[in-house]
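Peer 1: for reference, the sequence and a predicted model appear below.
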Amino acid sequence: MEEITWNNKIRLLLDLVLKLNDTFLQASDLDDVLNAVLVGITAGEGLGFNRAFLFQVQEHQGISRLEPVKAIGPVSSEEAAQVWQDISDRKLSLFDIMLNIKIRAFSGDERLITLVKDINVPIDESDHVFNASLNGQCAVHAQCDDTSGLQGISELCALLGTSEFAVVPLVTHQRPFGVVLADNFITGRPVSQSDLEALHLFAGLGSIAICQANMCSLMEERIVDLQRLNAEVIRNRGLLIQAERQAALGRMADQLLHQLKNPLSAIGGMAGLLARKTDGDSIVKKYTDSILEQCGRMERTLDEVFDLSHTPDVHYEDVRLYQLMSASLEIFAYELKRLNISASLDLPEPEPVIRLDRTYFQQALVNVIKNAIEAMPDGGSLDISVRHEKSRVEIKVVDSGLGIARGHLNRLDEPFFTTKSHAMGLGLSLGKKVLEQHGGTLSVKQNSSGGATVTLSIPTGDSAS
């Protein structure tokens, strides 16, 4: 007879699994999955327990505890009769119930939670009945006259008004998620061994569904993060285009400097020499004066071309500094990977909100980061950190690159000064100008272990943290 009962249980469980799978496919989040698990345990077409309580692992101040989060089932025999009659009258199948978990009869009555609201069990209490099930990943059949020495059984029996109950574990990715307690408070039907085994199997399936729900939730978060980063890259790709345009303009200016400045100086010098040796009324003097005038005009034009470090008028706004820094570093994600450069951001809370010009300050930061990356053609490390002191914020960009010659340190922020054959020498110069425009400073120093540190210091002004 027991074998027939167990076979029937197996068939029932398999049928329940198929129906539960349909529900899980339509479940929108973890809460729906948990509700479906509790419905499967308590519905008549399911495992048929009268009530089910979910105790989930919660973190509080570094301590993990099992606390009640959901409960399902009637609180009295009168309510149970009404619920079962309602299901019968409406001809609801288990599938219908599980797809309509929010109906009154299976809404997770707060009155049931109230029964166990004071139960919280630290998961390191190995002798508690909950932890015996969770740590051993086994089903526990608890009875009031239990002599196993497990703690919490008599207390739970008194609170629930029952003489016995079953406890099964929920485990996700080899980590404890919680336990389910089920009993037959209304009918008083004994919990058989086959009931216990079926409940354990069903809890295992529920654990798999919880894992899937958590993974889906995590994937959705990652997708949102990727979409946000993609939007930042699209929004900031103009910075790279602008940097390349500056590079092209810098190379052009460099060519003008060498090809025009020196000959122009020679022409002006010779014209001046001729002017001093001719009479004031002679035609030669008029020509030499005209040559000197035009040379002066050309030199002023060249000076305007060379003055590429000029920063236009700024437009201030409140900017979240960490968000701006993360977006700036993300621009170079491909370059960092290609050059095998490890990058880190040290951003201590709270995040400063600084009043500055987002476009020009980010352009300065991008140029500084670009400069550091170009100093590490064979790989290395890039560490960016923030220190918030009183009314100023310091951003340090530290690279492990080729380092800086002692004689070059004081010239790095000069326009067009560069030690790179392919660069224009405007990165740090532009950064310095932008920082000065914001009332800040930019400094560069050689690291004792190699590489360089660029420090951007800026006043917080009317910032809010």
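Peer 2: That came through, no problem. Numbers count the residues shown, from 1 in each chain.
Peer 1: which residues pair with Ala71 across the strands?
Peer 2: Phe53 (DSSP bridges).
Peer 1: what's the pLDDT at it?
Peer 2: What the model reports for Ala71 is a pLDDT of 87.
Peer 1: what is the burial count for it?
Peer 2: 24 (other CB atoms under 10 Å). Using the backbone N, CA and C atoms, a C-beta is placed for each residue, glycine as well.
Peer 1: residues contacting it?
Peer 2: Leu38, Arg51, Ala52, Phe53, Leu54, Gly108, Asp109, Leu112, Ile113, Leu115, Val116 (CB atoms under 8 Å, 6 or more residues apart in numbering).
Peer 1: out of these, who has the most neighbours?
Peer 2: Within the contacts of Ala71, most neighbours by other CB under 10 Å means Phe53, with 27 neighbours.
Peer 1: check which helix or strand covers Asn214.
Peer 2: helix 193-256 (DSSP states H and E).
Peer 1: next one: that helix to chain centre, how far?
Peer 2: Here helix 193-256 is found 8 Å from its chain centre; the criterion is CA atoms, centre = their mean, to the nearest Å.
Peer 1: kindly report the same for stretch 138-150.
Peer 2: Centroid separation for stretch 138-150 versus its chain: 44 Å, with CA atoms, centre = their mean.
Peer 1: and the helix holding Asn214, what does it pack against?
Peer 2: When contacts are defined as 3 or more CB pairs under 8 Å, 6 or more residues apart in numbering; DSSP states H and E, helix 193-256 packs onto helix 2-26, helix 30-42, strand 164-172, strand 175-183, helix 283-306, helix 321-330, helix 358-374.
Peer 1: any regions of the stretch 51-200 of the chain where pLDDT drops low?
Peer 2: Applying pLDDT under 70 to the stretch 51-200 of the chain flags the ranges 75-109.
Peer 1: number of nearby residues for the residue lying closest to Gln143 once chain neighbours are set aside?
Peer 2: Setting aside the residues directly before and after it, Gln143 is nearest to Glu164 in space (CB to CB, 6 or more residues apart in numbering), at 4.5 Å. Residues lying near Glu164 (other CB under 10 Å) number 18.
Peer 1: can you tell me how far Glu164 is from Val129?
Peer 2: Computed as CB to CB, to the nearest Å, the Glu164 to Val129 distance reads 12 Å.
Peer 1: give me the common contacts of these two.
Peer 2: Ala142.
Peer 1: Leu292 and Gly272 touch, don't they?
Peer 2: Yes: Leu292 is within contact range of Gly272, at 6.1 Å (criterion: CB atoms under 8 Å).
Peer 1: now do the strands in the stretch 301-450 of the chain.
Peer 2: Taking DSSP state E, counting those that start in this stretch, the strands of the stretch 301-450 of the chain run over residues 317-320, 341-346, 353-356, 380-389, 392-399, 441-446.
Peer 1: which ones are touching Gly161?
Peer 2: Residues near Gly161 by CB under 8 Å, 6+ apart: Phe185.
Peer 1: for it, phi and psi?
Peer 2: The phi and psi values for Gly161, taken as degrees, to the nearest 10, are phi 70, psi 30.
Peer 1: and it, how far from Leu66?
Peer 2: 21 Å.
Peer 1: and Asp279, by the same measure?
Peer 2: Distance, Asp279 to Leu66, by CB to CB: 108 Å.
Peer 1: higher neighbour count, these two?
Peer 2: Comparing Asp279 with Leu66 by other CB under 10 Å, the one with more neighbours is Leu66, at 23 against 8.
Peer 1: just give me how far stretch 269-289 sits from the chain centre.
Peer 2: Chain-centre distance of stretch 269-289: 72 Å, with CA atoms, centre = their mean.
Peer 1: which parts of the stretch 51-200 of the chain are strands?
Peer 2: Listed in chain order, the strands of the stretch 51-200 of the chain (DSSP E, counting those that start in this stretch) span residues 51-60, 63-72, 121-122, 140-143, 164-172, 175-183.
Peer 1: thinking again about what came up before, deepest-packed of the strands of the stretch 301-450 of the chain, please.
Peer 2: Most buried of the strands of the stretch 301-450 of the chain by mean neighbour count (mean count of other CB atoms under 10 Å) is strand 353-356; its value is a mean of 21.
Peer 1: on contacts alone, who are the packing partners of that one?
Peer 2: Counting contacts by 3+ CB pairs under 8 Å, 6+ apart, strand 353-356 is packed against strand 317-320.
Peer 1: so for the strand it packs on, mean pLDDT?
Peer 2: Mean pLDDT, taken over the full extent of strand 317-320, equals 89.
Peer 1: what sits up against that strand?
Peer 2: Defining contact as CB under 8 Å, 6+ apart, one finds that strand 317-320 is touched by Glu351, Val353, Ile354, Arg355, Leu356, Asp357, Arg358, Phe361, Ser463, Ala464.
Peer 1: per-domain residue ranges of the protein.
Peer 2: As assigned by automatic domain parsing, the chain contains the domains 2-221, 239-306, 317-459.
Peer 1: of all those, which lies closest to Arg228?
Peer 2: Using CB to CB as the measure, domain 317-459 is the one of these that comes nearest Arg228, at 9.4 Å.
Peer 1: now do the closest one: distance to the chain's middle.
Peer 2: How far domain 317-459 lies from its chain's middle: 23 Å, per CA atoms, centre = their mean.
Peer 1: what's downstream of the helix holding Asn214, the next helix or strand?
Peer 2: Using DSSP H and E, the helix or strand that directly follows helix 193-256 along the chain is helix 262-276.
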